[in-house]
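Student: take this sequence and fold it.
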Amino acid sequence: MELNIDQIFQRGVAAHNQGNLKEAKGLYHIILQSQPDHSDVNHNLALIAMSENQSDVALPFLKTAVEANPKIEKYWQSYIDALVTVNRLKDAKRIIKKAKKNGVDTRRLQGILAQLKVPSQAQLEGALGHYQNAQYGVAESAALSLTNNFPKHQFGWKLLGALYGQSGRISKALNANQVAVALNPKDAEARYNLGSALQELGRLDAAEVSYKQAIALSPRYTEAHYNLGIVLQELGRLKEAEASYIRVIALTPNSAKAHCNLGNTLHALGRLNEAEASCRKALTLKSDFVEAYNNLGNTLRASGRLVEAEATFRKAISSKPGYAESHNNLGNTLRALSRLDEAEASYRQAIALKPNCAQACSNLGNTLQELGRLDEAVASYRHAIELLPDYAEAYSNLGNTLQDLGALEESERNYRQAIELKPDFADAHYNLGVLLFMYKKYRQATEHFELSDVHKSRLFSTKCLFLEDDKTAFYENFDLLLRDGEVNAVLGSLAFRSQIKYGIEKSNPFCSDPLSYVVKEDLNMLYDFETIFVETARDVLSDKSVTYKAQGHLTNGVQTAGNIFTQGNVPKTEMEDIIRAEIEKYRAQFEDSNEGFIKGWPTSYDIRGWLVSMQSGGKLDPHMHDNGWITGSIYINVPPKSSVNGGNLVLCLDDQDHILEKDKTKQSIIDVVTGTLCLFPSSLHHYTVPFEEKEDRIVLAFDVIPKDKAIK
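Tutor: Numbers count the residues shown, from 1 in each chain. Below you'll find the model as predicted:
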């Protein structure tokens, strides 16, 4: 049965309402073939065109509709809206007058006329000219005048949003940009400006939506793609950020900033070779691009190429001397190279250039802590927190320094504050776990170790289970670590301690017979011990700037803070070179051994040392050095012994207090005198026999810390 016009129209309306615009348009055009002046059909086709952002296509249909049926107000309304959209304002005013003559409600038309009140071209060009000529105060007055006198005209709001944004009044910029978008939702630039304001305010999810709306309106909008990439990167959605930057590069292949940010994203994704290539491409396109130098330097540092990284950051500084970030990054690299005095200078330069740089203040604190200047480190961390109250990393670092100072309750508060600010902060959970471990709150410590992905957390968690006497869980963890191929002193120690405690022998991946790998040497016979070691130690201990750290294992004595080999004049002596030579002799002596710590000897390592000065009655309780590979001690001054073993070093397989001579198979007593060097695997526990002499007993202790096998 053939359908009549009304039936076809009703089907078209139904399709239209269901969003099936293609079918609706087809049905409407069938009607126009026989009734070209059908007012409802022409109006509906116009509405479809306007919804598809084709107002110019809509105009002929609307003209036909109002001429065919001039009494229908909605036809006039749509006609005027379309004319306004294509900026034919004079025609819109003429049509309003014509609508009046046809009896359209005057009150409604007054509202339309108010919206059509527009500034002159001279007013618009004048305001824009002031902005382009950086006459921002005059431009702002002009923009405010436009928004007051022509509140429905978008230009004034867009200009005001830009002015507020460039002067840092971001909340006001947001409001202005929101009005601009409301006045013209299909303006891609207005959507982009709104996204920028939202991004500045940290409202990243909303900024993402706004940038995507801008891109939907203008798919080749390069800046919107670029800023979307930045937002996605900050949200941690790195693969999506990568896709945005790749889109920018496809649109503008010579965009140095897109290549630079792509490099930064690839670095975060762990694809360091690709990251390096992107940064170098950015520098090819823009040879003085300081951000690209910094991104390249960070990538090189992450690749372990510290010397190249240093050179790159120095190029960044040469390119733009006043850029604080370059000095901060150079400081990080110099610190990794153990050139702490230079690192300190770089951080201080960064802070001088940018006094509110919380990151540089925190990094300076890290360096001061390593230099043993703990009070200064605390002040630097506190300043970083003043600048950035939500800086979780600074709270955690402050907690570490306070722990070294023995302020354990305050240290714990700072760790917990860091976790409150950043609940998934692995380092803070680990640090708090270590502190609770010191308190012997092993179950609580384990809870925090399990919330941390720091590698050493697994070892501490296993240690907690051992000390809690949870045999089943301990062996589950221990066996898992063995299967994962772990080789470190902690696991080696636990293998012995669990065998002593439970009678179960396990494979020892580190050293199955550590007491056979103890070496004792007389440095008096090899070097000018008095000048190189004794005089240097006395200078350090008499220096009033030297800070001492809290040491729970030490009775009647003090221990220097930080790494002595990076402090004062010590690095200028032969001391570290001599120790390295003795360590290499140790390795050569046992090079044919099949023990894990010899077969897996680190290809590169740092030496971390400290001085311990004990007075009469002083002693060290049994302990081991978790981070060490080889531990050593050099006896700077040993008073003449009034008892056979007074002041001697005892090496043992367990950390329980031993009765001398009780079980010689599990311990070794080292008779030490001034000039003695003792080297042993770090899996051994050690303690000292109390001494009663009046003269101070002074020891330089140190650890070999592997760079390539360090417990993370």
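Student: and the gap between the nearest residue to E344 once chain neighbours are set aside and L374?
Tutor: Excluding the flanking residues, the one nearest E344 by CB to CB, 6 or more residues apart in numbering is T367, at 5.1 Å. Where C-beta positions appear, they are placed from N, C-alpha and C, glycine not excepted. Counting by CB to CB, to the nearest Å, the separation of T367 from L374 is 12 Å.
Student: neighbour-wise, which of those two wins?
Tutor: Comparing T367 with L374 by other CB atoms under 10 Å, the one with more neighbours is T367, at 27 against 22.
Student: tell me how far the more buried one lies from G646.
Tutor: 39 Å.
Student: ok, N363 next?
Tutor: In terms of CB to CB, N363 sits 45 Å off from G646.
Student: who has more neighbours, these two?
Tutor: Each of N363 and G646 has its neighbours counted (other CB under 10 Å); N363 has more, 27 against 17.
Student: which helix or which strand is home to that one?
Tutor: helix 358-370 (DSSP states H and E).
Student: what is whatever helix or strand comes next after that helix packed up against?
Tutor: The helix or strand immediately downstream of helix 358-370 is helix 374-387, counting by DSSP H and E. Judged by 3 or more CB pairs under 8 Å, 6 or more residues apart in numbering; DSSP states H and E, helix 374-387 is in contact with helix 358-370, helix 392-404.
Student: list the buried residues for helix 374-387?
Tutor: 374, 376-381, 383-385, 387 (16 or more other CB atoms under 10 Å).
Student: repeat for stretch 507-521
Tutor: For stretch 507-521, by 16+ other CB under 10 Å, it's 508-512, 514-515, 517, 519, 521.
Student: for it, which outside residues touch it?
Tutor: 482, 485-489, 491-493, 495-496, 582, 586, 589-590, 593, 595-597, 651, 653, 667-668, 670, 676-681, 683-684 (CB atoms under 8 Å, 6 or more residues apart in numbering).
Student: so who does the residue nearest to E344 touch?
Tutor: 331, 335, 340, 343-344, 347.
Student: narrow those residues to those in helices?
Tutor: Among the contacts of T367, the ones falling in helices (DSSP state H) are 331, 335, 340, 343-344, 347.
Student: let me have the residues you listed in JSON lines, extended by pLDDT, distance to N102 and neighbour count.
Tutor: JSON lines is the format used below for the ones in helices among the contacts of T367 (pLDDT from 0 to 100; distance: CB to CB, whole Å; neighbours: other CB atoms under 10 Å):
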{"residue": "G331", "pLDDT": "96", "distance to N102": "77", "neighbour count": "27"}
{"residue": "R335", "pLDDT": "93", "distance to N102": "81", "neighbour count": "21"}
{"residue": "L340", "pLDDT": "91", "distance to N102": "86", "neighbour count": "23"}
{"residue": "A343", "pLDDT": "96", "distance to N102": "81", "neighbour count": "26"}
{"residue": "E344", "pLDDT": "96", "distance to N102": "83", "neighbour count": "21"}
{"residue": "Y347", "pLDDT": "97", "distance to N102": "77", "neighbour count": "30"}
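Student: got the residue ranges for the helices in the stretch 101-250 of the chain?
Tutor: All helices of the stretch 101-250 of the chain, identified by DSSP state H, counting those that start in this stretch, fall at 106-115, 121-132, 136-149, 154-166, 170-183, 188-200, 204-217, 222-234, 238-251.
Student: which stretches of this structure form strands?
Tutor: Taking DSSP state E, the strands of the chain run over residues 519-522, 548-549, 554-560, 605-620, 630-637, 649-652, 667-670, 676-681, 685-688, 697-706.
Student: which of these sits closest to L89?
Tutor: Closest to L89 of the strands of the chain, according to CB to CB: strand 605-620, at 74.0 Å.
Student: from the middle of its chain, how far away would the closest one be?
Tutor: 36 Å (CA atoms, centre = their mean, to the nearest Å).
Student: list the buried residues in it.
Tutor: 605-614, 618-620.
Student: kindly report the same for stretch 564-579.
Tutor: Per 16+ other CB under 10 Å, stretch 564-579 contains these buried residues: 564-568, 570-571, 573, 575-576, 578-579.
Student: min pLDDT across those, which one?
Tutor: Lowest in pLDDT among these is G568, which has 81.
Student: give me the residue ranges of the protein where confidence is low.
Tutor: Applying pLDDT under 70 to the chain flags the ranges 1-2, 87, 106-117, 656-665, 708-712.
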